[in-house]
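Undergrad: Fold the following.
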Amino acid sequence: MKSSAAVLLFCFILSSAALAQLPEAPEPTQLELWMGHPGSRITTSEVVGKVESTDADAVITALVIDNPRSDPTQLRGIRIDLRNDSATDRIFVDESDLVYRKEEFDSMACSIPGVQDEAGAAIRVHGIARCRPSQTIPQAYCPGYYITRESVSFRLSTFSGHNFAFGTKAPSAMGDAIGRAMDEFGLDDEIPTPPPIALPADVVEQIVASAVDYFPELASSRGIKAAGYDNPEIMNRASVIFWPYLRVGDFAHSRTVYCNAIRSGDGGWICDRSEPRGYLTIADQDKEVVITGALDRDNAVAMIEFAKLKLKDEPNYSETDDGWFSQIHPLKRNGLAEYWVSWRGGKYIGIRLEVTDAQPGAEDPFVLTKISANDGGRCPY
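TA: All right, here's what the predicted structure looks like:
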């Protein structure tokens, strides 16, 4: 089954306590609720994977539950049974969520080699974005890859406070098991593409009003270019991209705004977080280059020109390809200013640039730290 690993890497630094101590209980999944419903019966229970180590074990089971009293009458998903010397725990994941949980494990596995190569603090935790301490919805489990000077360890921390350590096992072991469950259910592992605007009209109206209140420059925008719920099943957080509010020459200024539904009072939405977004027009391609983060126009142009020169040395690149530069995306690690410069064509080629101050007399303004191409398999880089 072809994997759909994400291009963006969800890497953040947090403590083990932050992974294990969540502020409130997560809402149970539909599969978990059905386990306690009168009339529910497990009609299929098949072990699709085991992750075993000296410290902890995980058994992943594909489940089909029937209940003639419910609508629908059948639910599918997986159960993850966790055990170590001091605790046991059980996690349920609904069918609709499997593709997202698989993608998280696959993306984590792809980016671990780069994280291991980094110099830095005595301990780092490489995890996933939905488990950030600032999240508004607590998660039933949070995976993390702990890296110290002495060892590495893949772990799952659960809401109940337990921490299950699997030593040097790769996160992809979990992703592979979820993939086998999806095969059993006949599910595709391509991440569904949300519609351009998946928000109701009244929500859009509230979001625009709040965004303009916090970011007045958006009053000059002609509205929302794209928007969607971060989790279509929960619908309490949204990411919104506005049309440019200012265009100067070949560079248009816009913003991505992050919004949360207000749980108390009269409800509504608050959009108080944002990051710059820009669109750069370059002479030799029809499509604009998307600039995420606070990179100014001149540096973006210089970076594209630098990337063009380096791209010609890449074996998979051909000037005859109908390709284009699609995005410059910042990476924030170790205090360095690093960026992905992405080129799309017959093959997808990603160039990571480590941006440093040019030394006097230096030929290039930037330093190329890595160039790699999509291998067509699990990892996009």
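
Undergrad: surely I241 meets R277?
TA: Yes: here I241 lies in contact with R277, judged by CB atoms under 8 Å, at a distance of 6.5 Å. (C-beta placed from N, C-alpha, C; glycine too.)

Undergrad: Same drill for these two, tell me which one is more crowded.
TA: Neighbour totals were compared for I241 and R277, and R277 leads with 20 against 17 (other CB atoms under 10 Å).

Undergrad: what residues are shared contacts of I241 and R277?
TA: S254, R255, T256 (CB atoms under 8 Å, 6 or more residues apart in numbering).

Undergrad: and R255, what helix or strand is that in?
TA: strand 251-261 (DSSP states H and E).

Undergrad: after that strand, next one along is what?
TA: Strand 251-261 is succeeded, C-terminally, by strand 269-280 (DSSP H and E).

Undergrad: picking up where we left off before, kindly export the strand holding R255 (C-alpha atoms) in CSV.
TA: Output of strand 251-261 as CSV, limited to C-alpha atoms (Å, rounded to 0.1, in the frame of the first residue of the first chain):
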residue,chain,number,x,y,z
PHE,A,251,5.2,40.5,-3.7
ALA,A,252,1.8,40.2,-2.1
HIS,A,253,1.3,40.2,1.6
SER,A,254,-1.2,38.0,3.3
ARG,A,255,-1.7,36.1,6.6
THR,A,256,-2.6,32.7,7.9
VAL,A,257,-4.9,33.1,11.0
TYR,A,258,-5.5,30.4,13.6
CYS,A,259,-8.9,30.4,15.4
ASN,A,260,-10.5,28.7,18.3
ALA,A,261,-14.2,28.3,19.1
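
Undergrad: Which elements pack onto that strand?
TA: Judged by 3 or more CB pairs under 8 Å, 6 or more residues apart in numbering; DSSP states H and E, strand 251-261 is in contact with helix 201-214, strand 237-242, strand 246-248, strand 269-280.

Undergrad: helices or strands next to the second one in the packing?
TA: Judged by 3+ CB pairs under 8 Å, 6+ apart, strand 237-242 is in contact with helix 201-214, strand 224-229, strand 251-261, strand 269-280.

Undergrad: Throw those into CSV and include distance to Y141 and mean pLDDT, thanks.
TA: Shown next, in CSV, are those (distance: least, CB to CB, whole Å; pLDDT from 0 to 100):
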stretch, distance to Y141, mean pLDDT
helix 201-214, 29, 94
strand 224-229, 21, 90
strand 251-261, 22, 95
strand 269-280, 25, 95
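
Undergrad: ranking those by burial, who's on top?
TA: Greatest average neighbour count among the helices and strands packed on strand 237-242 goes to strand 251-261 (a mean of 20), per mean count of other CB atoms under 10 Å.

Undergrad: Tell me what angle that strand forms with helix 201-214.
TA: 120 degrees (axes from the mean of the first three to the mean of the last three CA atoms, to 10 degrees).

Undergrad: Note down every partner strand of strand 251-261 and its orientation.
TA: Next to strand 251-261 in the sheet, as set by DSSP bridges, lie strand 237-242 (antiparallel), strand 246-248 (antiparallel), strand 269-280 (antiparallel).

Undergrad: any idea how far it is from the chain center?
TA: Computed by CA atoms, centre = their mean, to the nearest Å, the chain-centroid distance of strand 251-261 equals 18 Å.

Undergrad: again with stretch 231-243
TA: For stretch 231-243, the distance to the chain centre is 14 Å (CA atoms, centre = their mean).

Undergrad: Mind putting the shared contacts of I241 and R277 into JSON lines with distance to L199?
TA: Formatted as JSON lines, these follow (distance: CB to CB, whole Å):
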{"residue": "S254", "distance to L199": "18"}
{"residue": "R255", "distance to L199": "17"}
{"residue": "T256", "distance to L199": "15"}
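
Undergrad: if we take the residues you listed, which one ends up nearest to V125?
TA: T256 (25.7 Å; CB to CB).

Undergrad: Bridging across strands, which residues link to the closest one?
TA: With beta bridges defined as DSSP bridges, T256 has these partners: I241, E275.

Undergrad: In contact with it, which residues?
TA: For T256, the contact set (CB under 8 Å, 6+ apart) comprises S239, V240, I241, F242, S274, E275, R277, T292.

Undergrad: Quickly find the element holding A337.
TA: strand 336-344.

Undergrad: Against which helices or strands is that strand packed?
TA: Using 3+ CB pairs under 8 Å, 6+ apart, the elements in contact with strand 336-344 are helix 297-311, strand 324-333, strand 348-355.

Undergrad: The second one pairs with which strands, and in what direction?
TA: Right, strand 324-333. Partners of strand 324-333 in the sheet, by DSSP bridges, are strand 289-292 (parallel), strand 336-344 (antiparallel).

Undergrad: average pLDDT for the longest helix belonging to the chain?
TA: Using DSSP state H, we find that the single longest helix of the chain is helix 98-117. Averaged over helix 98-117, pLDDT sits at 77.

Undergrad: any idea how far V240 is from G228?
TA: 8 Å (CB to CB, to the nearest Å).

Undergrad: Least confident secondary structure element in this protein?
TA: Least confident helix or strand of the chain, by mean pLDDT, DSSP states H and E, is helix 16-20 with a mean of 38.

Undergrad: Cool, thanks, talk later.
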